[in-house]
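Asker: When you get a sec, could you give me coordinates for this:
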Amino acid sequence: MNEPLPRLRGIDAFPVEEQEAIYLALRDNERFRQAHAAVLKAFRTAKERPAYLAGASYADKSTVLTRNLDGYFSLKKGPGDAGKAHSAKPLTGLVSPHIDFNRGKATYAWAYRELLRSGLADLTVILGVAHQGPRTPFIVTSKDYGTPFGPARTDEALAQKLCADLPFDARADELVHRTEHSIEFQAVYLRYCQQRLDIKDGPAILPILCSSCDIFGNNPGDRTRAFLDRLSDLLANYSGSICLLAGVDFAHIGPCFGDKEPAVGKFLEKTIREDKESLRKLEAQDSTGFLESVQFDDNARKVCGVSALYAFSELHKRLFPKSKGKTLHYDHAADPAGGEVGFAAQAFR
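Answerer: Numbers count the residues shown, from 1 in each chain. Okay, here's the model as predicted:
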């Protein structure tokens, strides 16, 4: 295939070869090729990646969005308040959900309360999940991420340096950034925090989508190792403060995710235990142990953030070996099509 495979609901139950055959058949016409070329050209020439889900998954007006996000702190499952600004040690890492705000709102509040308490780093490296089946394990863009609060500014020079010396083209499937929500939701929250902290000249981000295409069992793959080596070298020599941010969800179980049994009872309880075991591995900066905790049964619970969390944990261990992780909140929510999705908030200092 020459293009990333889009994620279609229910299609994940098919072998990848059948998915590719279906997609190729659907797109094998001149009209599709012309439309795709036009979208690709428009995206690559734009300075900013527009807020794709504004007005759909969240409010497109900054005043309304501010009011909504403010309200998440006082939810029954929330932390109670936003905390006192700059009252905590700086964060070195943060794990946040990427489920829609409506279902994950309390957990988002737990995660970003820590960012408000610690303040923003000069650079936030956002590791999101590429749900559309790209051909490379990492996809980098140098475009700013648009939000209703204004753009989250990408460190373009750093993105270019990262892509300049890799054994694969980390921009070949850059178009997957256009509609991917896992980084967009983090960009929205970062700009919200910037507004609450009254920071005029916003810190930079480095948006990276992660794919599990190279992960086989407990082996992350040579391209993954090369990418993490290159990125960790660049970050080790970065002149400012850094925070690593993973926008991920955990287990996806139930009939809509290919399971035969409903996501209830002992099945759900077992899944929650396994998610929490993976969280403990992340707290301990045990990237290998985390991978094993997911892959021991070929990721039967379908943790969609495997590659992003492995990259997060491995990078964090290299850059901040003395930092400690803490799970602030874990929750799960129903999928409208019949299933449950797990997600969590973790902070590292």
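Asker: could you pull out the helices for the stretch 201-349 of the chain?
Answerer: Assigned by DSSP state H, counting those that start in this stretch, the stretch 201-349 of the chain shows helices spanning 222-236, 265-283, 287-295, 306-319.
Asker: Dump those helices to TSV, plus mean neighbour count and distance to residue 198.
Answerer: For glycine as for every other residue, the C-beta is placed from the backbone atoms N, C-alpha and C. Below are the helices of the stretch 201-349 of the chain laid out as TSV (neighbours: other CB atoms under 10 Å; distance: least, CB to CB, whole Å):
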stretch	mean neighbour count	distance to residue 198
helix 222-236	17	27
helix 265-283	17	32
helix 287-295	20	36
helix 306-319	24	28
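Asker: Any chance of JSON lines for those, columns mean pLDDT and distance to residue 62?
Answerer: Below are those laid out as JSON lines (pLDDT from 0 to 100; distance: least, CB to CB, whole Å):
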{"stretch": "helix 222-236", "mean pLDDT": "98", "distance to residue 62": "31"}
{"stretch": "helix 265-283", "mean pLDDT": "99", "distance to residue 62": "33"}
{"stretch": "helix 287-295", "mean pLDDT": "97", "distance to residue 62": "36"}
{"stretch": "helix 306-319", "mean pLDDT": "98", "distance to residue 62": "28"}
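Asker: Kindly reformat the ones you listed as CSV and extend each row with distance to residue 49.
Answerer: Output for these, formatted as CSV (distance: least, CB to CB, whole Å):
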stretch, distance to residue 49
helix 222-236, 20
helix 265-283, 28
helix 287-295, 29
helix 306-319, 18
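Asker: Which one of these lies nearest to residue 50?
Answerer: When these are compared by CB to CB, helix 306-319 sits nearest residue 50, at 22.6 Å.
Asker: Which other helices and strands does the closest one contact?
Answerer: strand 93-96, strand 123-129, strand 204-210, helix 222-236, strand 242-247, helix 265-283, helix 287-295 (3 or more CB pairs under 8 Å, 6 or more residues apart in numbering; DSSP states H and E).
Asker: can you redo those as JSON lines with distance to residue 114?
Answerer: Shown next, in JSON lines, are these (distance: least, CB to CB, whole Å):
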{"stretch": "strand 93-96", "distance to residue 114": "6"}
{"stretch": "strand 123-129", "distance to residue 114": "13"}
{"stretch": "strand 204-210", "distance to residue 114": "17"}
{"stretch": "helix 222-236", "distance to residue 114": "20"}
{"stretch": "strand 242-247", "distance to residue 114": "10"}
{"stretch": "helix 265-283", "distance to residue 114": "14"}
{"stretch": "helix 287-295", "distance to residue 114": "20"}
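Asker: Can you say which of the ones you listed is nearest to residue 45?
Answerer: strand 204-210 (18.0 Å).
Asker: other SSEs contacting that closest one?
Answerer: Judged by 3+ CB pairs under 8 Å, 6+ apart, the packing partners of strand 204-210 are strand 123-129, strand 138-140, helix 156-164, helix 181-196, helix 306-319.
Asker: which stretch among those comes nearest residue 226?
Answerer: Proximity to residue 226 (CB to CB) singles out strand 138-140 among these, at 9.9 Å.
Asker: Partner strands of that closest one and their direction?
Answerer: strand 204-210 (antiparallel) (DSSP bridges).
Asker: I'd like the distance from the partner strand to the chain centre, please.
Answerer: Offset of strand 204-210 from its chain centre (CA atoms, centre = their mean, to the nearest Å): 9 Å.
Asker: mean confidence score for that strand?
Answerer: Here strand 204-210 scores 99 as its mean pLDDT.
Asker: Contacts for it next, please.
Answerer: Strand 204-210 is contacted by residues 122-130, 134, 137-141, 143, 145, 152-155, 158-159, 162, 176-177, 180, 182-183, 187, 190, 231, 307-308, 311 when judged by CB atoms under 8 Å, 6 or more residues apart in numbering.
Asker: Using PyMOL, make a named selection holding only the buried ones among those.
Answerer: Provided next is the PyMOL selection string for whichever of these are buried by 16 or more other CB atoms under 10 Å:
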select buried, resi 123+124+125+126+127+128+129+130+134+137+138+139+140+141+143+145+152+153+154+155+158+159+162+176+177+180+182+183+187+190+231+307+308+311
